[in-house]
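**Q** Fold the following for me, if possible:
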Amino acid sequence: MKKFFITGTGTGIGKTYITSAILKNILSRKKIIGIKPIAAGFSQNSINEDVQTLLDCQASINDHHKINFYSLKKAVSPHIGTEEEGMQIDFNLIKQKINDLENEYDRILVEGVGGLLSPVDQSRTNLDLIRHLDIPVIVIIGLKLGCINDALLTQHVLESNGIKAAGWVGNLIDPEMDEVDKNIEYLKQNIKSKCLGIARHNDSNFKLNI
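**A** Residues are numbered from 1 along each chain as shown. Here you go, the predicted structure:
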């Protein structure tokens, strides 16, 4: 059994895209599930867009509640949404549901909400959830101007808190970024965990394995 928490250097840097890529690449060989325990913002069908994207990669799952345990109505930071809706996020419940999935799957991908230090309620962040689940992380780095600072700060926070990084993935979110390859090379030389892959902009052939 392998479990990984998918976190990132910020919001909107492609956690769901990369999680989906991993799912598509491994489904034919391993029993794998991708979940997003906490999601913010959903459409009229009451399903968050990221959750729907993950469902679309997993045809055998027909109930979104299996992969999403807390869904906030507004697309805002969860610490705002939970307060407005009077919702309490139970880390023990999330951990128990993940443990239950271990009986069905060889791999479990747990996608966070926002970046590593994004709040999930008024007093806790994704970092606190990772600590509670006690599983290694895969860091998605949004490749854009400033990504080196974002990536090294994220690495520093993980190391300072004794959290194991299983690796990182670079996702080119700015197709106009200058000197992409030189930035990637710097990241490879200065991030201690291994590079699991680089996703170029709109690269339909991108594959990644864990």
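**Q** Flag the shaky bits of this protein, pLDDT-wise.
**A** Filtered on pLDDT under 70, the chain yields the residue ranges 1, 27-28, 44, 202-205, 209.
**Q** Touching the longest helix seen in it from outside, list them.
**A** If you go by DSSP state H, the chain has its longest helix at helix 147-160. By CB atoms under 8 Å, 6 or more residues apart in numbering, the list of residues contacting helix 147-160 from outside reads 7-10, 115-117, 127, 137, 139, 141-142, 164-165, 168, 170, 183, 186-187, 190-193. The C-beta positions use only the backbone N, C-alpha and C, and glycine is treated the same way.
**Q** how about 7 Å then?
**A** 9-10, 116-117, 127, 137, 139, 141, 165, 183, 186-187, 190-192 (CB atoms under 7 Å, 6 or more residues apart in numbering).
**Q** Tell me the most packed of the residues you listed, by neighbour count.
**A** Ranked by the number of neighbours (other CB atoms under 10 Å), the contacts of helix 147-160 place residue 141 first, at 30 neighbours.
**Q** on that earlier part again, ok and the next helix or strand after the longest helix of the chain relative to helix 147-160, angle-wise?
**A** Under the assignment DSSP states H and E, the closest C-terminal helix or strand after helix 147-160 is strand 165-172. Taking axes from the mean of the first three to the mean of the last three CA atoms, to 10 degrees, one finds that strand 165-172 is oriented at 170 degrees with respect to helix 147-160.
**Q** What is the following helix or strand past strand 165-172 packed up against?
**A** Of the helices and strands lying after strand 165-172 in sequence (DSSP H and E), the nearest is helix 180-190. Helix 180-190 is packed against strand 137-143, helix 147-160, strand 165-172, with contacts defined by 3 or more CB pairs under 7 Å, 6 or more residues apart in numbering; DSSP states H and E.
**Q** Quote the end-to-end distance of stretch 158-178.
**A** 28 Å (CA to CA, to the nearest Å).
**Q** go on, stretch 117-132?
**A** First residue to last in stretch 117-132 (CA to CA) measures 14 Å.
**Q** Can you pull out the residues in contact with that stretch?
**A** So stretch 117-132 is contacted by 5, 7, 11, 38, 77-79, 82-83, 89, 91, 95, 112-114, 116, 137, 157, 161, 163 (CB under 7 Å, 6+ apart).
**Q** Just give me the neighbour total for residue 79.
**A** Neighbours of residue 79 using other CB under 10 Å come to 19.
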